[in-house]
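[1] just the structure for this:
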Amino acid sequence: MDSDRQQIFQTVIESYEPALWRVVYTYEADTDQQQELFQEILLAIWKSLAKFKQLSSAQTFIYRVAHNTALAHVQKQSRQLKNSWIQSEQLCDKPNPESALNTIQQSKQLTNAVRRLPINYRQLVSLSLEGLSYTEIAAVVGQNANQVGVTLSRARQKLKAAFKAI
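    Down below sits the predicted model:
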């Protein structure tokens, strides 16, 4: 049983590592805290695998665990830091040779703009950027698809306003 769980965990990591890092970057700006959050997410996935009953897709399950863990991390940090903002322009230490400089800069601008959104908007935008449908996002966050659509629309308006200000 434990070796099956290890194999499933390894497959999950291989399949979802880039997406999990994008979740981390959405919720955490500090490089050291990004590493910590990534480890928290992996641990939460490991612990949750035994509870996965395949009532939803593996993708939905992984994103739900990742986003709930990230949300708990942010809440814990906000309690500890009390209104102090950590700002970092650096997205990641890992170089991406396939990306052009312009793409990297746009990605940083988008990530920074998403980080400034309220947490409920941030979560939905992040899942939307991962390509999840409204129905899949609704399953991850525990809302209905209509609520997701309305909230995402509002979040997009805030993002557009942020980019017009740049």
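
[2] span of stretch 113-131 from start to end?
    19 Å (C-alpha to C-alpha, to the nearest Å).

[3] so for it, mean pLDDT?
    Mean pLDDT, computed over stretch 113-131, is 86.

[4] okay, stretch 49-59 in CSV with CA atoms only?
    Output of stretch 49-59 as CSV, limited to C-alpha atoms (Å, rounded to 0.1, in the frame of the first residue of the first chain):
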residue,chain,number,x,y,z
LEU,A,49,-3.6,10.9,-1.2
ALA,A,50,-5.0,8.3,1.2
LYS,A,51,-8.2,10.2,1.3
PHE,A,52,-8.6,10.6,-2.5
LYS,A,53,-11.7,8.6,-3.5
GLN,A,54,-11.7,9.6,-7.2
LEU,A,55,-15.0,11.5,-6.9
SER,A,56,-13.3,14.3,-8.9
SER,A,57,-10.5,14.3,-11.3
ALA,A,58,-6.9,14.0,-10.0
GLN,A,59,-6.2,17.5,-11.4
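
[5] so how far is it from its chain's centroid?
    18 Å (C-alpha atoms, centre = their mean, to the nearest Å).

[6] quick thing: my sequence starts at 32, can you match it?
    With 32 as the first residue, the last one maps to stretch 80-90.

[7] contacts for it?
    Stretch 80-90 has contacts (C-beta atoms under 8 Å, 6 or more residues apart in numbering) with R36, I39, F40, V43, Y47, F92, R95, L163, E167, A170. For glycine as for every other residue, the C-beta is placed from the backbone atoms N, C-alpha and C.

[8] give me the buried subset of those residues.
    I39, V43, Y47, F92, R95, L163, E167, A170 (16 or more other C-beta atoms under 10 Å).
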